[in-house]
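J.: pasted the sequence and its predicted model underneath.
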Protein chains: 2
Amino acid sequence: MTEDTRFGLDRKVRLLGPLPLDSGAELAPVDIAYETYGTLNADASNAILICHALTGDQYVASKHPLTGKDGWWIRMVGPGKPVDTERHFVICANVIGSCLGSSGPATVNPATDRPWGMDFPVLTIGDMVRAQAMLLDHLGIRRLHAVVGGSMGGMQAVSWAALFPERVKSAVIIASAARHSAQNIAFHEVGRQAIMADPRWRGGDYYADDDPPSSGLAVARMAAHITYLSEAGLTEKFGRRLQDRDAKTFGFDADFQVESYLRHQGISFVDRFDANSYLYITRAMDYFDLAEAHGGALANAFSGSKTRFCLISFDTDWLYPTSESRAIVHALNAAGAEVSFMELSSPFGHDSFLLENPEMNRIVDGFLKAGEGR
Amino acid sequence: MTEDTRFGLDRKVRLLGPLPLDSGAELAPVDIAYETYGTLNADASNAILICHALTGDQYVASKHPLTGKDGWWIRMVGPGKPVDTERHFVICANVIGSCLGSSGPATVNPATDRPWGMDFPVLTIGDMVRAQAMLLDHLGIRRLHAVVGGSMGGMQAVSWAALFPERVKSAVIIASAARHSAQNIAFHEVGRQAIMADPRWRGGDYYADDDPPSSGLAVARMAAHITYLSEAGLTEKFGRRLQDRDAKTFGFDADFQVESYLRHQGISFVDRFDANSYLYITRAMDYFDLAEAHGGALANAFSGSKTRFCLISFDTDWLYPTSESRAIVHALNAAGAEVSFMELSSPFGHDSFLLENPEMNRIVDGFLKAGEGR
C-alpha cells in the first residue's frame, strides 16, 4: 500500500471528467492537488476527508511550500490528534477554483492553452464536493469514516452529507453555516470590488507578466480578516495600543498595533493566494444555500440520513454565529438524524476553530472514536 | 436680526485664527461653512449646535447642493421637530477636515496657493470642536442651550461638554462612543488602505485634474456601510433575494440585492465626498479617546460638570454598541453629572439614529424641553 503513488504528501492527479457543474457547464480535465496521511486499512473504512476554508489548502498537516509555515490544522490532524493519522487515513485536497494545484482560474484552459482567468466556470460548494468525490473514486474509497471541516470546510462537509449520504458515516461541521447571509455576501462583495478596482486586475487576465492585483487583494484580505476576529478578541489582542512608538504621530502611518497587524495580514496574503481564485471561491460561498435546492426546507436535505453529525460553534463568532449552526441542528433533528451540538466559549471569534482549543479537540476526538465502534 | 449676514442658509466665514491643534500645528485661516435655522433670541440662550457624522455636512435640514436630497436629519431638526427651529436657533457647521466648504485637504493652502492635499494637518475631534467654538464666538453665542450629535457627532458633543463645560447647558449623544475600539480602527484602516491603494490617489495630490481615486473611495464606503447596518437589518432588507433576475447568473454581476445596494452606496458616495477628507476624518475618529487626556479615567473628563446629558444607543448597533454609551454614563455618574440614558430597540443598527424613530424623537424632545425651564 505504501508503494501506491496515489498516496502520500504533495500528490496531484488529473481526472478526465467531465465534471458537470451546477451552472450547467462542465469542467474537464479536473486537476486535484491533495495530500494523504496515514495508511488506508484493508477494507478502506478508516478514511477521513478534511475540507479546507476559503484561503486554506491541502497542507493541513505539513509545511506550506510557499510560506514554510506549519500545516493549518496541526492542532486537529496528526499522530495522537483527534483526526489521528496513526488510526485514520486522512485526505485533504485543494478545492477546485483555488490556486494550490487544483484546477482554477490560474491553471491552463485546454481550449486556449492559456490560463483560464475569468473564463474559468463559476463554481459552487456542491461542485467542489463532487470533484472531491471523483478523487475518492480514484483513491478507491467508497465510504468516508468522516468528513471534517470548519468555515467553508464545514459547508463542504454538510454538503457531502446531503449529496452523498451513503458515502459519509460521520460529518463534523465547525463554525459554519448552511447558507451565506446578506452580511456574509456583503463582506465578500467588498473584497471582490477591491480586487476588481485594482487596475492591475485587468479583467482577470494578469498572469502573463508578474504583476497581479496585489493591492486590491490585500485590501480584500484586510476586510475579511476583521470578520474572522471578534470585537472582544481585537480589544484583548490590540486594544488602542500603539505600534513601536510612545505617542501618536499625527500622520497616516500604522500608529496602532491593530493597523500594523491588518496591513501585515494583507501584504503576506498576496504572496500565497491568487486574486481570481479569491473571486471564484467567495462567489461559491455566496451562492451557498443548502435549503434552496430542497424547496427552501433545510431538513429535506437530510431526509433518511444515516450519517452521524457533530456541530460546533463559537460564542464570539459573528461571521457564522451559533444561530447558523443551530439552524442546521434543527433541520437534522427534524429529519431524524443523529446529531450532537456544542457551542464553545472562546474570545477569538470565527478564527477559534483554527486555534488551540482543548474542548473542541476533546469533542471531535470523542465523536470520531464513538463512530469507530459501529 | 434677520438682516445679519452671519445668519441663514449656506453661510461661510473665514476666521483668522490661528487655531492651535492637538498635533502641535496651527491652522490659519479657518474657513467654516455652516447653516443656521430659526432666530437667535435676545439673550442668545436658545442656540443648539448640531454636530454631523463622518460623511455628514452642514445641510442638516436643507437640500444638499450636490445630491439634491433632503437634509440628513429633517426627522430631528425643523419646525415642530424635537430640535424645533421655531423655538431654537440651530447651527450646523461642516467640520474642519471635511469637504463641503470648511478648511480641509481640498481647500487652498495659503503657503502654496495650491490645495493642501496630505500637507493638511492631521486633526482630532477636539480640534473640530475648538473650531466650532470659534464659530460660536463669531456668531455671538456664549453658551449653547444644547449640543446634539449622533455617531461622530456624538463624539463632538461629548467633547464639547469636556472641553467647554461652561458653554454647554445640555448635551445629547446618540449612537456614539468616548473612544474608538480596535475594531472601529480596523474598519477605518481598511477604508484608508483602499483609497491609498488606488493609483489615482497619487499621494493625495489629485486635485489638478478631474481624476480622483473614486474606485478606492467607493470600496472604502462599501466596507464602512456594512458596519452601519445590522446583520438582522440586512437580512430583513435584502436576505438572499436576487436583483432583477429569477436565477443566479453564475457570473460576477450583482446577482444579489445586497450587492447591488452596496455598489450603489459606493458609487453615489464618490460624487459628494473627497477621498482625502475621508482619510483625515477617519483618522480623527481613530485618535479619539476622551479618557486618554484625563489619565485614562473618563470620569475625570466631566468632574464638576453642570451640563445635563442625554445618551441614546440602539440595541442592534454593533459599530458603537450600547456598552460604549454605558461607559460614558458610568463615567458621568462617577463625576456626579446629571444624565439620562436609554437603549432603544431598532433593527437597523448604527444607521437607526438617522431614520424615523418616534421614541428617539420623544426622548430628545422631552430632554430639551425640560432644560428650557431651568
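T.: Yep, it's here. Numbering: from 1, shown residues only, chains lettered A, B, ... in the order given.
J.: pLDDT value on residue A:372, please?
T.: pLDDT for residue A:372: 86.
J.: name the nearest residue to it, sequence neighbours excluded.
T.: Once flanking residues are discounted, residue A:372 sits nearest to residue A:145: 7.5 Å by Cβ to Cβ, 6 or more residues apart in numbering or on different chains. C-betas here are computed from N, CA, C, even on glycine.
J.: the one you found - how many residues pack around it?
T.: 24 (other Cβ atoms under 10 Å in any protein chain shown).
J.: surely residue A:13 is in contact with residue A:5?
T.: No - at 9.7 Å, residue A:13 does not count as touching residue A:5 under the criterion of Cβ atoms under 8 Å.
J.: give me the more crowded residue out of the two.
T.: residue A:13 (18 against 7).
J.: part of a strand, is the more buried one?
T.: Yes - assigned with DSSP: H, G, I helix; E, B strand; the rest coil, residue A:13 falls within a strand.
J.: what helix or strand is residue A:90 on?
T.: strand A:89-93 (DSSP states H and E).
J.: return the residues in contact with the residue nearest to residue A:372.
T.: Neighbouring residues of residue A:145 by Cβ atoms under 8 Å, 6 or more residues apart in numbering or on different chains: A:45, A:46, A:47, A:48, A:88, A:169, A:170, A:368, A:371, A:372.
J.: which strands and helices lie in contact with the strand holding residue A:90?
T.: In terms of contacts (3 or more Cβ pairs under 8 Å, 6 or more residues apart in numbering or on different chains; DSSP states H and E), strand A:89-93 is packed against strand A:30-37, strand A:47-51, helix A:125-139.
J.: and the next helix or strand past it?
T.: strand A:108-109.
J.: which residues touch that following strand?
T.: Here strand A:108-109 has contacts from A:114, A:115, A:116, A:119, A:120, using Cβ under 8 Å, 6+ apart.
J.: partner strands of that strand, parallel or antiparallel?
T.: strand A:114-115 (antiparallel) (DSSP bridges).
J.: for the strand holding residue A:90, which strands pair with it and how are they oriented?
T.: strand A:30-37 (antiparallel), strand A:47-51 (parallel).
J.: ok, which stretches of the stretch 51-200 of chain A are strands?
T.: For the stretch 51-200 of chain A, the strands defined by DSSP state E, counting those that start in this stretch cover A:77-78, A:83-84, A:89-93, A:108-109, A:114-115, A:146-150, A:170-174.
J.: now the fourth one, how far from the chain's geometric center?
T.: I take that to be strand A:108-109. Relative to its parent chain, strand A:108-109 has a centroid offset of 24 Å by Cα atoms, centre = their mean, to the nearest Å.
J.: cool, the first one as well?
T.: Relative to its chain's centre, strand A:77-78 lies at 17 Å (Cα atoms, centre = their mean).
J.: now it: mean pLDDT?
T.: In this model, strand A:77-78 has an average pLDDT of 98.
J.: try the last one
T.: Per-residue pLDDT over strand A:170-174 has a mean of 98.
J.: again, but for the fifth one
T.: Looking at strand A:114-115 alone, the average pLDDT works out to 97.
J.: now stretch A:18-28: buried residues?
T.: For stretch A:18-28, the neighbour count (16 or more other Cβ atoms under 10 Å in any protein chain shown) marks A:19, A:21, A:22, A:23, A:27 as buried.
J.: just send those back as TSV, with pLDDT too.
T.: Formatted as TSV, the buried residues of stretch A:18-28 follow (pLDDT from 0 to 100):
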residue	pLDDT
A:19	98
A:21	98
A:22	98
A:23	97
A:27	98
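J.: quick one: low-confidence ranges for chain A?
T.: Chain A contains residues with pLDDT under 70 at A:1-2.
J.: and the contacts of residue A:145, which of them are buried?
T.: A:46, A:47, A:48, A:88, A:169, A:170, A:368, A:371.
J.: which one of those is nearest residue B:110?
T.: Using Cβ to Cβ, residue A:48 comes nearest to residue B:110 of the buried ones among the contacts of residue A:145, at 70.2 Å.
J.: re the thing from before, how near is the residue nearest to residue A:372 to residue A:338?
T.: To residue A:338, residue A:145 is 15 Å away according to Cβ to Cβ, to the nearest Å.
J.: what about the nearest residue to residue A:198 once chain neighbours are set aside, how many neighbours?
T.: Closest residue to residue A:198 apart from its sequence neighbours, by Cβ to Cβ, 6+ apart: residue A:216 at 3.0 Å. If you count neighbours by other Cβ under 10 Å, residue A:216 ends up with 29.
J.: could you do the one 5 residues further on as well?
T.: Residue A:221 has 23 neighbours, counted by other Cβ under 10 Å.
J.: helix, strand or coil for it?
T.: Here residue A:221 is recorded as helix under three-state DSSP.
J.: for stretch A:175-189, measure first residue to last.
T.: Distance across stretch A:175-189, first residue to last, is 21 Å (Cα to Cα, to the nearest Å).
J.: wait, does it make contact with chain B?
T.: Yes - using Cβ under 8 Å from any Cβ of the partner chain, stretch A:175-189 comes into contact with chain B via A:179, A:180, A:181, A:182, A:183, A:185, A:186, A:187, A:189.
J.: pull out the buried members of these.
T.: A:179, A:180, A:181, A:182, A:183, A:185, A:186, A:187, A:189.
J.: contacts only, for the third one.
T.: By Cβ under 8 Å, 6+ apart, residue A:181 lies in contact with A:324, B:231, B:234, B:235, B:240.
J.: can you check the fifth one too?
T.: When contacts are counted by Cβ under 8 Å, 6+ apart, residue A:183 touches B:226, B:229, B:231, B:234, B:235.
J.: if we check chain A, which of these are in contact?
T.: Answer for the contacts of residue A:183 near chain A (Cβ under 8 Å from any Cβ): B:226, B:229, B:231, B:234, B:235.
J.: ok, the residue positioned nearest the centre of chain A to chain B distance?
T.: The C-alpha lying nearest the average C-alpha coordinate of chain A belongs to residue A:53 (Cα atoms, centre = their mean; 1.6 Å). Residue A:53 sits 20 Å away from chain B, going by Cβ to the nearest Cβ, to the nearest Å.
J.: wait, isn't that residue in contact with residue A:151?
T.: Yes - counting by Cβ under 8 Å, residue A:53 does reach residue A:151; the two are 4.0 Å apart.
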